[in-house]
Structures are given as structure tokens and as C-alpha cells.
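Undergrad: everything below, folded, please.
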Amino acid sequence: MGEPLFLAQPPTGYSDVGASWTSSDMLLTRMNFVTDLIANRIPGSRLRLEAIGDKDSFARLIAPDALSPATRSALAETEGSQGIALLMAAPEFQRR
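TA: So this is what the prediction gives:
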């Protein structure tokens with residue numbers, strides 16, 4: 001996703017403050033990445049949706065009791081694999 005692996009300059013690693021890495025460009029990059037991942041369009045990777053389950057069980061796995069109202073509202077408007085993609089691009093997933 002464009003971030004060099006193991007190349008953060010400070011000894012503390014990459015910043016975990018949202019203002020340091022959140023931008024509309026990076027959010028779009030994350031959405032495109034997870035959409036391609038869900039659709040198996042990333043060379044060298046395969047995702048079996050049946051192994052993940054439905055969006056509700058996936059949400060419980062990645063962020064039990066921690067989904068924001070905004071994420072829950074957006075998730076309610078999705079169907080099928082788009083819900084999984086939305087969860088993978090959500091801030092709650094990015095924090096894990």
C-alpha cells in the first residue's frame with residue numbers, strides 16, 4: 001500500500017496518531033486495496049469469503065463491541081462482500 005516495510009525513521013516506529021497517516025488519498029487507497037482483495041484481484045493472494053463468514057461475524061471478530069455508530073450505520077447499508085470490504089477499511093480494523 002505504498003508504505004515501506006520496516007523503514008520508519010524514529011525508534012518508536014510509525015506514528016499511531018491518526019493525523020499522521022489519515023488523508024482522503026490513504027482512505028481511498030485502503031478502500032481500493034480491500035475491494036481488490038475481496039475480489040481476488042491481488043496477484044499472489046486468495047481470499048475465501050466463506051472462511052471469513054458474514055459481515056456481522058467478521059465485525060465481532062475484528063472489533064467486538066467497538067464499532068462506532070458511523071461504521072455501524074455504513075455497514076447496515078452494505079450487502080455481501082462489500083460489508084467485509086467496508087470493515088477492512090474501517091478505522092476499527094486499522095487499529096487492530
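Undergrad: for the rest of this, base every contact and every neighbour count on C-alpha atoms.
TA: Fine.
Undergrad: what's the longest helix anywhere in the chain packed up against?
TA: When the chain is parsed with DSSP state H, its longest helix is helix 24-38. In terms of contacts (3 or more Cα pairs under 8 Å, 6 or more residues apart in numbering; DSSP states H and E), helix 24-38 is packed against helix 81-89.
Undergrad: isn't residue 62 right next to residue 89, touching?
TA: No - using Cα atoms under 8 Å, residue 62 is not in contact with residue 89; the gap is 11.6 Å.
Undergrad: pick out whichever of these two has more residues nearby.
TA: Per other Cα atoms under 10 Å, whichever of residue 62 and residue 89 has more neighbours is residue 89, with 20 against 17.
Undergrad: from residue 67, how far off is that one?
TA: Residue 89 sits 12 Å away from residue 67, going by Cα to Cα, to the nearest Å.
Undergrad: next: residue 54.
TA: Distance of residue 54 to residue 67, given as Cα to Cα: 16 Å.
Undergrad: okay, the two: which has more neighbours?
TA: Neighbours were counted for residue 54 and for residue 67 using other Cα under 10 Å; residue 67 has more, 19 against 15.
Undergrad: my read: that one touches residue 92, true?
TA: Yes - counting by Cα under 8 Å, residue 67 touches residue 92, with 6.4 Å between them.
Undergrad: so which strand or helix has residue 74?
TA: helix 69-76 (DSSP states H and E).
Undergrad: how far does that helix sit from its chain's centre?
TA: Distance of helix 69-76 from its chain centroid, counting by Cα atoms, centre = their mean, to the nearest Å, is 14 Å.
Undergrad: which helices and strands sit right next to that helix?
TA: helix 81-89.
Undergrad: what sits up against the helix it packs on?
TA: By Cα atoms under 8 Å, 6 or more residues apart in numbering, the residues outside helix 81-89 that reach it are 27, 30-31, 34-35, 38, 49, 54-55, 58-59, 71, 75, 93-94.
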